[in-house]
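*Asks:* Sequence and predicted structure are below.
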Amino acid sequence: MKQKLVVIGGVASGTKTAAKAIRENPDLDVTVLTEEDYISYAGCGLPYYIGNVIKEKKHLTIMNPEKFKDKDITVLLRTRAEKIIPGQKKVIAKDLVTGEEKEFPYDKLVLATGAKPIVPPIPGIELKNVYTLRSVTDAFKIRDAVEKEGIKKAVVVGGGFIGLEVAENLSLQGVKVTLVELLDQILPNFDKEIALLAEKHLKEKGIDIFTCEKAVSIEGEDGRVKALLTDKRKIDADIVLLSIGVKPNTQLAADAGIELGFKGAIKVNENMETNIHDIYAVGDCAENINLVTGKPAWFPMGSTANKMGRVAALNLYPKGEKESLKGVLGTTVVKLFDINVAKTGLSERDAKNAGYNIITVIVPAHDRAHYYPGAKNIITKLIVDKATHRLLGAQIIGEGVVDKPIDIAATVITLGGTVEDMAKLDLAYAPPFSSAMSSTIVAANVARNKLLGKLEGISPLELKDKLSDPGLQIIDVREEAEYQVGAIPGSLNIPLKEIKKRVGEIDKQRETVVVCKLGLRAYLAYITLKHLGVKNLRILDGGVTAWPFELE
């Protein structure tokens, strides 16, 4: 008799598990249950369908039940699993079309129930044109509303990846977008300097952003949304998109006695096994391990989901040593109009909360040889453990290529590498692809200099907080023409080439910050001024390029 595998959930991890399992074990009887109307759709592509970047529905829904049937996998759409009975090894499910209840016996069960949107309990949530974006059906409805109902104004609640991607894509459709975020920054998993640079760019593209504001109600007229009210203002809207986050969809598992872990996700080991024999969990419903801290984490992302599905499939009937996933880093990347933003590992905030004594660097550089056509700036932030020099995290933002350097950083972190290791990597170089000293290596060397005490830096956030301090002096060593374009408030312009002869203008006893465009000239000035007796001296990390605030 064939072994029966039942998979509950049919997006990334569920279908990955089913497809890999049947390839490894062709005699398996595989059934996938999903309450949705579509199977194996491109969830990460949904915002781009709304923006008409992805033009046709079929490009989001490449797979269908018939194609899975060709692979000897039975897919049942609109079928909701309602109860798991582990003692009898069966799943009770309901056909959402006919109302019929069905039983599905299993030898192995995989839970891939995903995550569900967090919907705030505010008045007006039931109005027409109030949406969340989690399924392909949601995306179809939102784009239809935009294109067929003359949507002119939209409010997006939530400044995470999905909220920002939807904001961009609604804007591309000619909709005026306002974004509201409860926290004091968008991109809440990033450090504030990076988030502020992203916010600055989005505002330049015409998106209004209000942070530190709470959505309190939605006003309507004739059953349709007309405005969103925050605790500070009223914002007119023809459509409201709620994107304040997701949570693991784990009630079914909990009711069956399956142990939950971090943030309510299903607790699994590195083999994707739950606490109940022959039941596995994968994707957004299951917890992860943070590779840096070794502690439970939760990263609901398609890339992680696919890896988990593959691991589970190989462990159903292992042919030797079990497959494992030791952990993940939460590596992410997002495009926001003309800039790209990426992150891997711990943020500065996360590292401090985890008890690490760290140094950070912020280093602008070109993504390829500066003289090659198309070269663009990117800004790299590294978070480094002071004691071991181990790389703990990285964030990159800019118009240039960021996915390649963030993947390099993710590799270094995964292998437990130091910034010394990173600085010595033998990376590919040719002018169309990189500088001879790539941005990754330049950032690693700046971190090494800090660790060796060759320089002291100050972050943009710290300097902003100190601008009103009368004991502070800021020396901008750019050329006068550059300085006139825009400078940090209160700074004194002394070009690098004049620094020796004008050192008398600098109070050697006062706290001094040296500023330039990128950091190199400031470093050269730092060395000179140290030699000339300036005592309390630091360099602005990232220079004017990474300054996320207004220049005067």
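*Replies:* It's in. Model, not experiment: these values are computed from the prediction.

*Asks:* can you tell me how far residue 201 sits from residue 174?
*Replies:* Noted for residue 201: a distance of 19 Å to residue 174, by C-beta to C-beta, to the nearest Å. The C-beta positions use only the backbone N, C-alpha and C, and glycine is treated the same way.

*Asks:* which one of those two has more residues nearby?
*Replies:* residue 201 (19 against 9; other C-beta atoms under 10 Å).

*Asks:* how about that one, phi and psi?
*Replies:* Residue 201 adopts backbone torsions of phi -70, psi -40, taken as degrees, to the nearest 10.

*Asks:* What confidence value was assigned to it?
*Replies:* Here the pLDDT value assigned to residue 201 is 98.

*Asks:* just checking, it touches residue 339?
*Replies:* Yes. Counting by C-beta atoms under 8 Å, residue 201 does reach residue 339; the two are 5.1 Å apart.

*Asks:* tell me how far stretch 499-512 is from the chain's mean position?
*Replies:* Computed by C-alpha atoms, centre = their mean, to the nearest Å, the separation of stretch 499-512 from the middle of its chain amounts to 43 Å.

*Asks:* what comes up buried for that stretch?
*Replies:* Neighbour-count burial for stretch 499-512, counted by 16 or more other C-beta atoms under 10 Å, picks out 499, 503, 506, 511, 512.

*Asks:* Run through who's touching that stretch.
*Replies:* Contact with stretch 499-512 is made by 466, 469, 471-475, 477, 492, 494, 525, 528-529, 532-538, as judged by C-beta atoms under 8 Å, 6 or more residues apart in numbering.

*Asks:* Would you mind writing the CA trace of that stretch as PDB?
*Replies:* The C-alpha coordinates for stretch 499-512 follow below in PDB (Å, rounded to 0.1, in the frame of the first residue of the first chain):
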ATOM      1  CA  ILE A 499      43.900  72.200   6.600                       C
ATOM      2  CA  LYS A 500      47.500  72.700   7.800                       C
ATOM      3  CA  LYS A 501      47.700  76.400   7.200                       C
ATOM      4  CA  ARG A 502      44.200  77.100   8.700                       C
ATOM      5  CA  VAL A 503      44.500  74.800  11.700                       C
ATOM      6  CA  GLY A 504      44.600  77.900  13.900                       C
ATOM      7  CA  GLU A 505      40.900  78.300  13.200                       C
ATOM      8  CA  ILE A 506      40.200  75.100  15.000                       C
ATOM      9  CA  ASP A 507      39.900  74.900  18.800                       C
ATOM     10  CA  LYS A 508      42.100  71.900  19.600                       C
ATOM     11  CA  GLN A 509      40.400  71.300  22.900                       C
ATOM     12  CA  ARG A 510      36.800  71.200  21.700                       C
ATOM     13  CA  GLU A 511      34.900  68.100  20.500                       C
ATOM     14  CA  THR A 512      35.500  68.100  16.700                       C
END
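
*Asks:* average pLDDT for it?
*Replies:* Averaged over stretch 499-512, pLDDT sits at 95.

*Asks:* got it, and stretch 383-397?
*Replies:* Stretch 383-397 carries an average pLDDT of 98.

*Asks:* from the chain's centre, how far out does that stretch sit?
*Replies:* Centre-to-centre, stretch 383-397 and its host chain are 18 Å apart (C-alpha atoms, centre = their mean).

*Asks:* now swap in stretch 51-58 and tell me
*Replies:* Remark: stretch 51-58 is offset 23 Å from the chain centroid, using C-alpha atoms, centre = their mean.

*Asks:* Could I get the buried residue list for it?
*Replies:* Within stretch 51-58, the residues scored as buried using 16+ other C-beta under 10 Å are 51, 54.

*Asks:* pull the CA atoms of that stretch into CSV?
*Replies:* Only the C-alpha atoms of stretch 51-58 are listed here, as CSV (Å, rounded to 0.1, in the frame of the first residue of the first chain):
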residue,chain,number,x,y,z
GLY,A,51,1.5,48.3,-10.3
ASN,A,52,1.1,46.7,-13.7
VAL,A,53,4.8,45.9,-13.8
ILE,A,54,3.6,42.3,-14.0
LYS,A,55,0.9,42.7,-16.5
GLU,A,56,-1.0,39.4,-16.6
LYS,A,57,-2.6,37.2,-14.0
LYS,A,58,-1.1,34.1,-15.6
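
*Asks:* Now tell me what touches that stretch from outside.
*Replies:* The contact list for stretch 51-58, computed with C-beta under 8 Å, 6+ apart, reads 45, 48, 49, 60, 136, 140, 143, 168, 169, 170, 172, 173.

*Asks:* before we move on, the earlier item: now, of the contacts of stretch 499-512, which are buried?
*Replies:* Here, 16+ other C-beta under 10 Å leaves 472-475, 477, 492, 494, 525, 528-529, 534, 537-538 buried among the contacts of stretch 499-512.

*Asks:* can I get those in a markdown table with secondary structure, pLDDT and distance to residue 258?
*Replies:* A markdown table is the format used below for the buried ones among the contacts of stretch 499-512 (DSSP: H, G, I helix; E, B strand; the rest coil; pLDDT from 0 to 100; distance: C-beta to C-beta, whole Å):
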| residue | secondary structure | pLDDT | distance to residue 258 |
| --- | --- | --- | --- |
| 472 | strand | 96 | 57 |
| 473 | strand | 97 | 61 |
| 474 | strand | 98 | 58 |
| 475 | strand | 98 | 61 |
| 477 | coil | 98 | 61 |
| 492 | strand | 97 | 64 |
| 494 | coil | 98 | 66 |
| 525 | helix | 97 | 61 |
| 528 | helix | 96 | 64 |
| 529 | helix | 96 | 62 |
| 534 | coil | 94 | 63 |
| 537 | strand | 96 | 58 |
| 538 | strand | 97 | 53 |
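
*Asks:* which of those residues sit farthest apart?
*Replies:* Farthest pair in these (C-beta to C-beta) is 472 and 528. Separation: 19.8 Å.

*Asks:* what about residue 20, how many residues close to it?
*Replies:* Per other C-beta under 10 Å, the neighbour tally for residue 20 reads 18.

*Asks:* element containing it?
*Replies:* Secondary structure from DSSP states H and E places residue 20 in helix 12-24.

*Asks:* repeat for residue 80
*Replies:* Residue 80 is part of strand 79-85 when elements are defined by DSSP H and E.

*Asks:* what does stretch 352-361 rub up against?
*Replies:* 292-293, 346, 348, 351, 380-387, 392, 443, 446-447, 450-451, 457, 459, 541.

*Asks:* who does the longest helix seen in the chain touch, helix- and strand-wise?
*Replies:* Ordering each helix of the chain by length in residues (DSSP state H) puts helix 302-316 first. In terms of contacts (3 or more C-beta pairs under 8 Å, 6 or more residues apart in numbering; DSSP states H and E), helix 302-316 is packed against helix 12-24, strand 108-111, strand 279-281.

*Asks:* Now with 10 Å, please.
*Replies:* Judged by 3 or more C-beta pairs under 10 Å, 6 or more residues apart in numbering; DSSP states H and E, the packing partners of helix 302-316 are strand 4-8, helix 12-24, strand 108-111, strand 279-281, strand 288-289.

*Asks:* Just the buried residues of that helix, please?
*Replies:* Buried residues in helix 302-316, counting neighbours by 16+ other C-beta under 10 Å, are found at 302, 304-316.

*Asks:* quick check, nearest of those residues to residue 375?
*Replies:* Nearest to residue 375 among these, with distances taken as C-beta to C-beta, is residue 302, at 30.9 Å.
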